[in-house]
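[1] Return atomic coordinates for the entry below.
(chains A and B)
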2 protein chains.
Amino acid sequence: MIETVAILGGGAWGTALAIVAARAGRRVTLWARDPGTVAAIDQRHENPGYLPGVTLDPAISATGDIATASAADIVILAVPAQSIRAVAHLAAPHVAAGTPLVIAAKGLERGTRKRMSEVAAEAAPAAMPAVLSGPSFAADVARGLPTAVTIAAADEDHALALCRALGSPAFRPYAETDLIGVEIGGAVKNVLAIAAGIVSGRNLGASALAALTARGFAELRRLAEALGGKPETLMGLSGLGDLVLTCSGPQSRNFAYGQTIGAGGSRAGPHRLAEGIETAAVARDLARRAGVETPVVDAVAAILDGTLSIDAAIDGLMARPLKREAG
Amino acid sequence: MIETVAILGGGAWGTALAIVAARAGRRVTLWARDPGTVAAIDQRHENPGYLPGVTLDPAISATGDIATASAADIVILAVPAQSIRAVAHLAAPHVAAGTPLVIAAKGLERGTRKRMSEVAAEAAPAAMPAVLSGPSFAADVARGLPTAVTIAAADEDHALALCRALGSPAFRPYAETDLIGVEIGGAVKNVLAIAAGIVSGRNLGASALAALTARGFAELRRLAEALGGKPETLMGLSGLGDLVLTCSGPQSRNFAYGQTIGAGGSRAGPHRLAEGIETAAVARDLARRAGVETPVVDAVAAILDGTLSIDAAIDGLMARPLKREAG
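    Numbering: from 1, shown residues only, chains lettered A, B, ... in the order given. Now for the predicted structure:
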């Protein structure tokens, strides 16, 4: 019987997932590094830094002690992708063998080029890795707006058990076993969202944005399938659905970052949590090694490297010859 | 050598396509029924009723005489889907044998359930049917914002010739031979856009809208493939790209119509040109005959029939069991 859920990470998404788990009837402990966040959640039932104005269920408690938090029936990792290894490593000694370790971050690890479930399996080998992905803005989820997501685990029964433990009328998880498709889809869509934001920041219009989204989806699908993902996964919530959401506007941090640089703004600054920034070069490397063409991903990576100007990237992407689209 | 282009239809899309053809170096004659539109285009180089503030190239002339207009190297039909048969029939005696008759409307004919290229082939059997589709708002195209579209004809060389005749740096057509995929994609996306608008009008949030778009795309793809369309076509500009654009906001008439009724507004009124209204029931019929499940299309058709309330439709679409997404 799944009764307790630990959320590791006190940002907007971790807090929203704590709300989700409490709505599903679970007792929730949220671990955050920041003592101010812990105190605010525990005493005032609010996370003013990330989800201001949202009152949290008293079934959600907070702690700064990862050992206490991690002794739960389900542990959800809701930290940035590049921190998953470190936090999984911290939690590992306190997680019971076989406990689902659910990754709620979308990205690829720099250096190793690994998916997050691979990283978690290395850092916490006794746990059972799983992934929660799909189109979901933390603010929508926190407000109780209807959201459908994917929960993936290698074993379908495990995935279904997680769906039952976390689902509620407004938050509907679908079970999936294709970890590769779910993770590559989630990681690459963040890179594509930066490209979409650039097109928006340059005021190229909605038609150009839609064309870029369709072309980007073709890349995402090609790369994920070359790495072993299934076509149906990419066309579902965690692939296409999440891409559509992330390319829909500046509520996405990756899109907002792209908009800022597309409009001529600085690449540094307050956009450090746009996961696509870290993932772009890794995705480009994976595509090269797999022999897959990913011109949009490559352009974003080169813009972020400083080796390609935004104008040159746009010219290159728009000036393809008048040939068959698939060519 | 393609020198002259006729546009039959003086609405926003017909006028934008006249601008496109003139930019590509063609001489353009636009036929409109309304004498005021003809006079404004011919004398003031403007179509104030549909594209106010856009100055038209003097290479674009207008006429109320369909015989004069139709004696062109390319004839583009830019009237609503349910008027394609009548206008093709009017033009037929004046179109030289083998002339490309390019359909720029997205829909299915009520009663016959036929695609527009089938309708045009019946009404003007000597012409060569072709289709122009893809993500393109008339206002974006008229302003010269970058747009990528699909031009489909049964013969690839014909499609490529049309791409060359109409393409320019900001308007990039891609050649395609899969008329079924292009036409079913374009027709069904308008129905899905009404559903997306309803979700927006009900304020269900961006996450729900993205989930609905992904689910709608699965329906569109299933139906088009069952009717003979190719998967790559549906995942390209004229399928996914156009769906993304149409579901992105109220600049789409179908989305705007859905928003109005989703917010409790009247189903009658100034939204008569939302093509999805006429197409919804036809698409539902096609899906039934093909044995394809299309819950979103069915819900839109039933809402428009008055046999299903919007709240019941939303409950039905959101309350699927916690099973595998593909199930």
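
[2] C-alpha only now, for contacts and for neighbours.
    OK.

[3] how far away is the most centrally placed residue in chain A from B:A206?
    Central residue of chain A (C-alpha atoms, centre = their mean): A:K106, 2.9 Å from the mean position. Here A:K106 is placed at a distance of 19 Å from B:A206 (C-alpha to C-alpha, to the nearest Å).

[4] just A:Y257 next, same as before
    From A:Y257 over to B:A206 the distance is 19 Å, taken as C-alpha to C-alpha.

[5] These two: which is more packed in?
    Neighbour tally, A:Y257 and B:A206, criterion other C-alpha atoms under 10 Å in any protein chain shown: the higher count belongs to A:Y257, 31 against 25.

[6] How many residues are close by A:A78?
    For A:A78, using other C-alpha under 10 Å, the count is 28.

[7] Just to check, it is in contact with A:L8?
    Yes. Using C-alpha atoms under 8 Å, A:A78 makes contact with A:L8 at a distance of 5.6 Å.

[8] what sits in contact with each of these two?
    Overlap of the contact sets of A:A78 and A:L8 (by C-alpha atoms under 8 Å, 6 or more residues apart in numbering or on different chains) consists of A:G14.

[9] Tell me who's in contact with the residue nearest to the centre of chain A.
    A:P80, A:A81, A:M116, A:S133, A:E183, A:G186, A:A187, A:N190, A:E275.

[10] ok, so of those residues, who is nearest B:N47?
    A:N190 (41.0 Å; C-alpha to C-alpha).

[11] The closest one - that's part of a helix, no?
    Yes. Counting by DSSP: H, G, I helix; E, B strand; the rest coil, A:N190 is part of a helix.

[12] who's in contact with it?
    Neighbouring residues of A:N190 by C-alpha under 8 Å, 6+ apart: A:K106, A:G107, A:L243, A:T246, A:N254, A:A274, A:E275, A:G276, A:T279.

[13] likewise A:A81?
    For A:A81, the contacting residues are A:A105, A:K106, A:G107, A:L108, A:E109, A:M116, A:E275, by C-alpha under 8 Å, 6+ apart.

[14] Out of those, which two are the most distant from each other?
    Every pair in the contacts of A:A81 was compared (C-alpha to C-alpha); the two farthest apart turn out to be A:M116 and A:E275, at 12.5 Å.

[15] List the contacts of the helix or strand of chain A with the lowest mean pLDDT.
    The helix or strand of chain A with the poorest confidence is helix A:310-318; it has a mean of 85 (mean pLDDT, DSSP states H and E). Helix A:310-318 has contacts (C-alpha under 8 Å, 6+ apart) with A:G262, A:P295, A:V296, A:A299, A:I303, B:P146.

[16] Now find how far off-centre stretch A:44-54 is within its chain.
    Its chain's average C-alpha position is 21 Å from that of stretch A:44-54, according to C-alpha atoms, centre = their mean, to the nearest Å.

[17] before we move on, the earlier item: which one of the contacts of A:A81 is nearest to B:R85?
    For these, the residue nearest B:R85 by C-alpha to C-alpha is A:K106; the value is 49.8 Å.

[18] Against chain B, how distant is the closest one?
    16 Å (C-alpha to the nearest C-alpha, to the nearest Å).

[19] Over to A:H45?
    Noted for A:H45: a distance of 24 Å to chain B, by C-alpha to the nearest C-alpha.

[20] My understanding was that that residue contacts A:G53; is that so?
    No. Counting by C-alpha under 8 Å, A:H45 does not reach A:G53; the two are 10.1 Å apart.

[21] Looking at the two, which has the bigger crowd around it?
    Of the pair A:H45 and A:G53, A:H45 is the one with more neighbours under other C-alpha under 10 Å, namely 19 against 10.

[22] What parts of the stretch 201-327 of chain A come near chain B?
    A:204-215, A:218, A:232, A:235-237, A:240-242, A:244-245, A:248, A:318-319, A:322-326 (C-alpha under 8 Å from any C-alpha of the partner chain).

[23] filter the residues you listed to the buried ones?
    Buried members of those, counted by 16 or more other C-alpha atoms under 10 Å in any protein chain shown: A:204-215, A:218, A:232, A:235-237, A:240-242, A:244-245, A:248, A:318, A:322-325.

[24] Could you tell me which of these belong to helices?
    Using DSSP state H, the members of those that fall within helices are A:206-215, A:218, A:232, A:242, A:244-245, A:318.

[25] out of the residues you listed, what pair is the most spread apart?
    For these, the farthest-apart pair by C-alpha to C-alpha is A:E232 and A:M318; their separation is 28.6 Å.

[26] what angle do whichever strand or helix holds A:A196 and helix A:310-318 make?
    In the assignment (DSSP states H and E), A:A196 maps to helix A:179-201. Per axes from the mean of the first three to the mean of the last three C-alpha atoms, to 10 degrees, the angle that helix A:179-201 makes with helix A:310-318 is 120 degrees.

[27] A:V149 and B:A210, how far apart?
    Using C-alpha to C-alpha, A:V149 is found at 11 Å from B:A210.

[28] Which neighbours do the two have in common?
    The contact sets of A:V149 and B:A210 overlap at A:P135 (C-alpha under 8 Å, 6+ apart).

[29] So, low pLDDT: which residues of the stretch 201-327 of chain A?
    A:268-272, A:319-327 (pLDDT under 70).

[30] how about the strands of the stretch 51-200 of chain A, start to end?
    With DSSP state E, counting those that start in this stretch as the criterion, the stretch 51-200 of chain A has strands at A:60-63, A:74-77, A:100-103, A:128-133, A:147-153, A:171-176.

[31] contacts for the first one?
    Which is strand A:60-63. If you take C-alpha under 8 Å, 6+ apart as the criterion, strand A:60-63 is touched by A:18-19, A:22, A:27-32, A:38-39, A:41-42, A:45, A:69.

[32] Specify which member of those is nearest to chain B.
    Of all these, chain B sits closest to A:I19, with 16.3 Å by C-alpha to the nearest C-alpha.

[33] overlap in contacts of A:M116 and A:E275?
    Common neighbours of A:M116 and A:E275, counting by C-alpha under 8 Å, 6+ apart, are A:A81, A:K106, A:G107.

[34] Let me have the residues you listed in CSV, extended by pLDDT.
    Below are these laid out as CSV (pLDDT from 0 to 100):
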residue, pLDDT
A:A81, 97
A:K106, 97
A:G107, 98
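
[35] Check the burial of A:K114 by counting its neighbours.
    16.

[36] Next up, the contacts around it.
    Contacts of A:K114 (C-alpha under 8 Å, 6+ apart): A:L108.

[37] how much space between it and chain B?
    A:K114 is 26 Å from chain B, by C-alpha to the nearest C-alpha.

[38] Please report phi then psi for that residue.
    Backbone torsions for A:K114, taken as degrees, to the nearest 10, come to phi -90, psi 150.

[39] For the closest residue to A:S266 other than its chain neighbours, give me its contacts.
    Computed as C-alpha to C-alpha, 6 or more residues apart in numbering or on different chains, the closest residue to A:S266 that is not its neighbour in sequence is A:T260, at 7.2 Å. Going by C-alpha under 8 Å, 6+ apart, A:T260 touches A:G197, A:I198, A:G201, A:S266, A:R267.

[40] By neighbours, which of those wins?
    A:G197 leads the contacts of A:T260 on contacts (other C-alpha under 10 Å) with 29 neighbours.

[41] residues contacting that one?
    Residues in contact with A:G197 (C-alpha under 8 Å, 6+ apart) are A:C247, A:G249, A:P250, A:N254, A:F255, A:A256, A:Y257, A:G258, A:Q259, A:T260, A:G262.

[42] surely A:G167 meets A:A161?
    No. With contact defined as C-alpha under 8 Å, A:G167 does not reach A:A161; the gap is 9.9 Å.

[43] out of the two, which sits in the more crowded spot?
    Set A:G167 next to A:A161 and count neighbours by other C-alpha under 10 Å: A:G167 wins out with 21 against 17.

[44] Model confidence for the more buried one, exactly?
    Looking at A:G167, its pLDDT reads 96.

[45] And it, how far from A:A62?
    Between A:G167 and A:A62 the computed distance is 22 Å (C-alpha to C-alpha).

[46] And for A:A121?
    The spacing between A:A121 and A:A62, counted by C-alpha to C-alpha, is 25 Å.
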